[in-house]
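Undergrad: compute the structure for the input listed below.
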Amino acid sequence: MPPNQHHLYKPHGRGIGLGDPLPGGGGRVLQKDSWAAAVVDELEIKDHDICVDKHRISGFWDTPLDSILRNLGTRTILFAGVNTDQCVMCTLTDANFLGYGCVLLEDCCATTSPSFCSEATLWNVRKCFGFVADSSVVLHALAALG
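TA: Residues are numbered from 1 along each chain as shown. Take a look at the predicted model:
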């Protein structure tokens, strides 16, 4: 991680920031195989799932994600996750710049930032980078396809 990102979650030098040791063990914040980088318990990883470890705010930077998606013939990506205004937005804008269609699932995203950050992200996605939808609408449309 570049030095300018180490301060992101502890701008005053106190607390636990990116890459810092987690209290009680469990690795470092957002380090591979640590609690803070794990997939949430509610999502089950299946044998056929493709997992890509990311090392920056964008999932495309310094990862094989673009190659994997192009080899699969992917043209449109649905976006969900945290933080809406940070990792989700940066990954979505990179996907847009790479030529993918982008759909941000508003009800499947969250952030610890103030609400105006999510509002600005949604506005920017609608204005410049893709579409914003509700997951129930997308699921209904996919079910209609058969």
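
Undergrad: distance of residue 22 from residue 81?
TA: 20 Å (C-beta to C-beta, to the nearest Å). Any C-beta I mention is one placed from the backbone N, CA and C, and that applies to glycine too.

Undergrad: residues contacting stretch 82-93, please?
TA: 54, 57-60, 77, 79-81, 102, 104, 109-113, 117-118, 120-122, 124-125, 129-130 (C-beta atoms under 8 Å, 6 or more residues apart in numbering).

Undergrad: just the buried residues from those, in PyMOL please.
TA: In PyMOL syntax, the buried subset of these is picked out as below (16 or more other C-beta atoms under 10 Å):
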select buried, resi 54+57+58+59+60+77+79+81+102+104+109+111+117+118+121+122+124+125+129+130
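
Undergrad: tell me which of the contacts of stretch 82-93 fall in helices.
TA: Using DSSP state H, 117, 118, 120, 121, 122, 124 are the members of the contacts of stretch 82-93 that sit in helices.

Undergrad: all helices of the protein, in order?
TA: Going by DSSP H, the chain shows helices at 65-72, 89-97, 115-124, 135-145.

Undergrad: sorry, back to before: which one of the ones in helices among the contacts of stretch 82-93 sits closest to residue 49?
TA: residue 121 (26.5 Å; C-beta to C-beta).

Undergrad: identify the residue nearest that closest one in space, chain neighbours excluded?
TA: residue 85 (4.6 Å; C-beta to C-beta, 6 or more residues apart in numbering).

Undergrad: count the neighbours of the one you found for me.
TA: The number of residues packed near residue 85 is 21, by other C-beta atoms under 10 Å.

Undergrad: pLDDT at it, what is it?
TA: The model reports residue 85 with a pLDDT of 97.

Undergrad: circling back: tell me the most buried of the helices of the chain?
TA: helix 89-97 (a mean of 20; mean count of other C-beta atoms under 10 Å).

Undergrad: now do it, average pLDDT.
TA: 98.
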